[in-house]
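**Student:** have a look at this prediction, sequence included:
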Amino acid sequence: MKTQKIFPINVLSEEEAWNLFKEMAGNCIYTPGLHPIAKEVAKECGGLPVAIVTVGRALENKSEFEWSAALQQLKNAIPKNISGLDSKVYSSIELSYSYLKSDEAKSCFLLCCLFAEDSNIPIEFLVRYGVGQRLFAKIDTVADARNRVHAIVKNLKRSFLLLDSEEGEEHVKMHDVVRDVAISIAENKGFLVRCNETMEEWPEKDSCECSTAISLVSKELKRYPGFLECPKLELLQLSCDKDTLQMLPPNLFKGMKGLKVLFLFGMSFPSLPQSINVLQNLRTLQFVSCEITDVSAIGELRKLEILSFWNCKIEELPGEMRNLSCLKLLELTKCSDLERIPPNLLSSLSHLEELYMFGVYYVDWEPMEGNKEEEGANASLTELMSLSYLVTLKIQIPNIKVLPKDLPFKNETIKFQIFVGNNVNQNNFTEYYNYLIKNSLGLASCDVSDIAERRMLLQLLKKSEILRLKGIKNLKNIAYELDKEGFQCLKFLEVCDSDDVEYVMDATSNQNPRVAFPTLESLELVDLPNLKEIYHSQFLERSFSRVCFGNLKSLRLYALPRLIGFCTGVGPVELVQPSLNQEVGRIGTDEVTNLEKHKMTDIQQHTGPFLELTPIIYHKLFSSNTILWAPNLENLELGRADSLEVVFDLEGPKANTDHQRIAVLAQLKTLKLKNLSELRYVWKNVPLGIQGFQKLTSIEVSYCHRLRYLFPTSIAKLLVQLQSIEIYLCDAIENIVQRDGEEEATDNILFPREIYLEDCPKLKTIGSEIQSKRKSKKINGELDSRPNEHELRSPAFLRRCLECVPRRKNYGLMAVSDQGTTNKSQRSYSVKKEDTLSKPTDPKVSDSDNPSEIWSLFPSHIIECLKNLESIILVDLPSPEVLFQLEELNVEESHMAPVLDQLRKLDLSDLPKLMHIWKKGPERILGFGNLRSLDVWGCHSLTYLFSPSIAKLLVMLEKIEVRHCKKIEEILARAGEEEKEKDVLFDKVNSIVLHNLPNLKCFCSETNALVWPSLKK
């Protein structure tokens, strides 16, 4: 299980406790002689999960002697009396702490209790506190300390002393029970921790003066002691409300000469206290979200190694900082008010290892290194090139012109995250706030010649793992034009808003022997009006040795109006008539351009042969060759690519049997297609026996107005893990699954858990075109018994509606009104009388005089495949007349067929022709047993909701809502020749809402006994 979260649950049984303990402690408990000891240790945990996991993991793979010692420690423990904390829990966590492998791990664990309960603790704070206190042996650099701390935190999480944070891998959390124990342990080591939002003043002097670490967290902290003698104090953390002006006493720090770490959060003061100059042992000074006018006193802290002004309002760095020759880390992240860094300040920080300046926008960098300090002069970026110890740089540079041309970094192994240009979208760069650096470069609003002139940028391009390009002029080919070696380290590439880009890679030249993008995992191409291909090659066969997208996992293509394919090549294109799957001609791609001007209309699929075979060119994203280039692709998003007509065209040169066994895009999980004006096929020319797409879980299609169906049956059978289908605003789509010539049964098609369909005016059925015949009868348009609007609101009508419903104790009325709020927009409808296909005396009848077709959204042969379906949401579908066609279900004599037994939610909105939700069915049918919610809105041809035989199946139904249905007369009505049910039990229904139903007569006109034991609303 190896879970990283502990949930508060009851005491476990002896067997449950032992099973959990075995999982935590591992196989060592089966060692001869150790097993009975392990049993005793498990019993000492008292069945408490937090005790079991901490003790079990602490003793994992330990020797028999260590197990025996641990057992004695648990038996002899004298835990502190902590209110609400079980003594066994305390002993267990204390034991786990004592079994930590190093003093470094114990120190990091105790540092976590300095933060408020349930905090997301930045691991970087532990790094900086540890460096300041010299907690790490044989560690010289901040980067090495960071690696050490992350390794320690990983082991602490494995021991369940720390937990994962929702903020990601650079934060950690401490369970409140573990924190209580940690504070108790830390108090014995001189820690003073007070986290109280209403605390206004410091604790008593006596408790402070013997402390080694003090952490005070309060929004109301206002009063400070004038002087404190704290000779042992090494760490002071003060966190206040950042909107409160703080006046620190001048002598606050005078008695803290041994202080090594000072952390101030959310404070606002004009200047630092005068006594700060006595802190000559201070190594870590952190200001977070502070407003400080004058920080010149920092220049006196000559041993300072870490200085941070994270998100501080500071306009200028003081020149006195040139004295900080020992400084290793300088943090200016999100100091958006900073405008000036004096010349020669950065270059004087000779031991600087890490500089963080992301979010600093307004520093006007000098183009050349300053030789003298002029009034208002700024530093030059050339100063950074002289820092031989610099190993990490995160910086935002507004203009590429201020970068030196011929001066690379001295340290070639530098880790970097650099923005150049003002138009880089900062929302995409969340990783720039982290400290586990991935080499990242963002270039915006410049000419490609400006990049080529600067050795520093060329040096960084070769090493970039993340590259974002925006608005680069005169750039036509990404790969070899920016890096002749083909980006050997790149994992993420985003290119956007660049009008001149034609190819990501142009491989028509033989001058670049290295394979490009060998490690690329994510590719995003957005708003490139002239992009034609991702990979451009003169000979497709030669492309396999020149390109490698084997690691590509995510591909996002958006606003690429001229894109005609991933790679088209110029060899002959084999064309196959889509319905006959037969070769009809060859054409060279040099003729494609001419054919583009005379695009032929789509050939509809027919059951009979074509009179004439016409060669057609389709622009396809992936051909049968290029689809094999990205075998690990997991996510594909395609939008506003107006030239593409096919996503996956699997037709190609005739392949042998072995070749066809290759699984195509076997790792693909999500597919999103949006606003593709020419898209006709998602899958096309699917050969027999194809394998692939088996991990696809989600398909979303919208604004594709030429798409007539989603996939053929041959593809549907492959989608064994499909969880969700979402289709909306597709004007031409008629069905989801289209027969592709195979006559095989559809019983091995597994439909998804969720189906969402909205605003598809031609959608008639989920499955292929199978219809039943019916006759229509004209109906008397007037019903004198229908209530008017005034009557609908009256109590008399409510009583009449419920006359057939037995009451129970504390029975609540159904909510029936024609006023109220709804989250769906109000729309006008005009349904003609002849469109109503039921008699006023029997709204269930659908026999007709004139033969026509009934369209069932879920025909019987498809219903049998919907074993996994849990949610159906249908919005604005004008064509379907029947939702579930049950008449032709195959029910064998030997058993009853369970139908849609996992369906939990059914939401129908704006289906103007819908006459039946459930259309008849075999008498022995079973199913719909998990349906919980039924919501019907704006279905103006519906005259009843369900029949008694269907109602008896809905044993888990909890909520019924029917709104704005003009013709509905009854909720429960017997369908046709259906036998009368004696009673109908709505055991779980707790809420019924009937709203704006002008023709509703009553809930049920029959004399059925209706039982509502759970009804509340």
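**Tutor:** Nice, I can see it.

**Student:** C-alpha from now on. contacts and neighbour counts both.
**Tutor:** OK.

**Student:** for Val647, what are its contacts?
**Tutor:** Lys620, Leu621, Phe622, Leu679, Tyr681, Val682, Trp683 (Cα atoms under 8 Å, 6 or more residues apart in numbering).

**Student:** run the last query once more with 10 Å
**Tutor:** The contact partners of Val647, by Cα atoms under 10 Å, 6 or more residues apart in numbering, come to 565, 619-623, 627, 638, 673, 679-684.

**Student:** among those residues, the buried ones, what's the ChimeraX command?
**Tutor:** Buried residues within the contacts of Val647, by 16 or more other Cα atoms under 10 Å, are selected in ChimeraX with:
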select :565,619,620,621,622,623,627,638,673,679,680,681,682,683,684
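
**Student:** strands - which of the contacts of Val647 land there?
**Tutor:** Counting by DSSP state E, the part of these found in strands is Lys620, Leu621, Phe622, Leu638, Leu673, Tyr681, Val682, Trp683, Lys684.

**Student:** who does the fifth one bridge with?
**Tutor:** Beta-bridge partners for Leu673, by DSSP bridges, are Leu638, Val701.

**Student:** now do the contacts for it.
**Tutor:** Neighbour list for Leu673: 557-558, 636-641, 647, 679, 682, 699-704, 727 [criterion: Cα under 10 Å, 6+ apart].

**Student:** do you know the pLDDT at it?
**Tutor:** Here, the pLDDT recorded for Leu673 equals 98.

**Student:** Pro898 now?
**Tutor:** pLDDT, Pro898: 77.

**Student:** isn't it right up against Ile925?
**Tutor:** Yes: using Cα atoms under 10 Å, Pro898 is in contact with Ile925, at 6.8 Å.

**Student:** can you give me the helices for the stretch 201-350 of the chain?
**Tutor:** Taking DSSP state H, counting those that start in this stretch, the helices of the stretch 201-350 of the chain run over residues 205-209, 345-348.

**Student:** any weak-confidence spans in the stretch 301-450 of the chain?
**Tutor:** 368-376, 423-433 (pLDDT under 70).

**Student:** and the strands in it, which stretches?
**Tutor:** 306-310, 329-331, 354-357, 392-397, 415-420, 440-447 (DSSP state E, counting those that start in this stretch).

**Student:** still on that earlier bit, looking only at neighbour counts, state which of Pro898 and Ile925 leads.
**Tutor:** Ranked by neighbour count (other Cα atoms under 10 Å), Pro898 and Ile925 place Ile925 first, with 19 against 16.

**Student:** and His569, how far from Gly47?
**Tutor:** No His there; residue 569 is Gly. Distance from Gly569 to Gly47, counting by Cα to Cα, to the nearest Å: 67 Å.

**Student:** rewinding a little: from the contacts of Val647, pick the one nearest Ala213.
**Tutor:** Using Cα to Cα, Leu638 comes nearest to Ala213 of the contacts of Val647, at 55.2 Å.

**Student:** wait, that closest one touches Lys672, no?
**Tutor:** Yes: Leu638 lies in contact with Lys672 (Cα under 10 Å); the separation is 6.2 Å.

**Student:** which residues are in contact with both of those two?
**Tutor:** Here Leu638 and Lys672 share the contacting residues Arg556, Val701, scored by Cα under 10 Å, 6+ apart.

**Student:** picking that back up, just the closest of the contacts of Val647 to Val149, please.
**Tutor:** Among the contacts of Val647, Leu638 lies closest to Val149 (Cα to Cα), at 41.6 Å.

**Student:** where does the closest one land on pLDDT?
**Tutor:** pLDDT recorded at Leu638 is 98.

**Student:** could you pull up the residues touching it?
**Tutor:** Per Cα under 10 Å, 6+ apart, neighbours of Leu638: 525, 555-560, 621, 644, 647, 671-676, 701.

**Student:** from Lys674, how far out is it?
**Tutor:** 6 Å.

**Student:** what do these two both touch?
**Tutor:** Taking Cα under 10 Å, 6+ apart as the criterion, Leu638 and Lys674 both touch Tyr558, Val701.

**Student:** in space, what's closest to Gln396 - neighbours in sequence excluded?
**Tutor:** Spatially, and ignoring its direct neighbours in sequence, Gln396 is nearest to Phe419 (4.6 Å; Cα to Cα, 6 or more residues apart in numbering).

**Student:** can you confirm Lys867 is in a strand?
**Tutor:** No: in this structure, Lys867 is coil, not part of a strand, as judged by DSSP: H, G, I helix; E, B strand; the rest coil.

**Student:** and it, its phi and psi?
**Tutor:** Torsion angles at Lys867 (phi, psi; degrees, to the nearest 10) stand at phi -70, psi -30.

**Student:** can you give me the pLDDT of the nearest residue to Val646 once chain neighbours are set aside?
**Tutor:** The shortest distance from Val646 to any non-neighbouring residue, by Cα to Cα, 6+ apart, is to Lys620 (4.4 Å). For Lys620, the model assigns a pLDDT of 93.

**Student:** and Lys620, how far from Glu651?
**Tutor:** Lys620 is 11 Å from Glu651, by Cα to Cα.

**Student:** if we can go back for a sec, nearest to Ser464, of the contacts of Val647?
**Tutor:** Among these, Leu638 lies closest to Ser464 (Cα to Cα), at 25.7 Å.

**Student:** helix, strand, or coil at Val153?
**Tutor:** Assignment for Val153 (three-state DSSP): helix.

**Student:** measure it to Ser677 for me?
**Tutor:** From Val153 to Ser677 the distance is 51 Å (Cα to Cα).

**Student:** more neighbours, the two?
**Tutor:** Val153 (22 against 19).

**Student:** which residues touch Asn281?
**Tutor:** Taking Cα under 10 Å, 6+ apart as the test, what Asn281 contacts is 132-133, 234, 256-261, 301-304.
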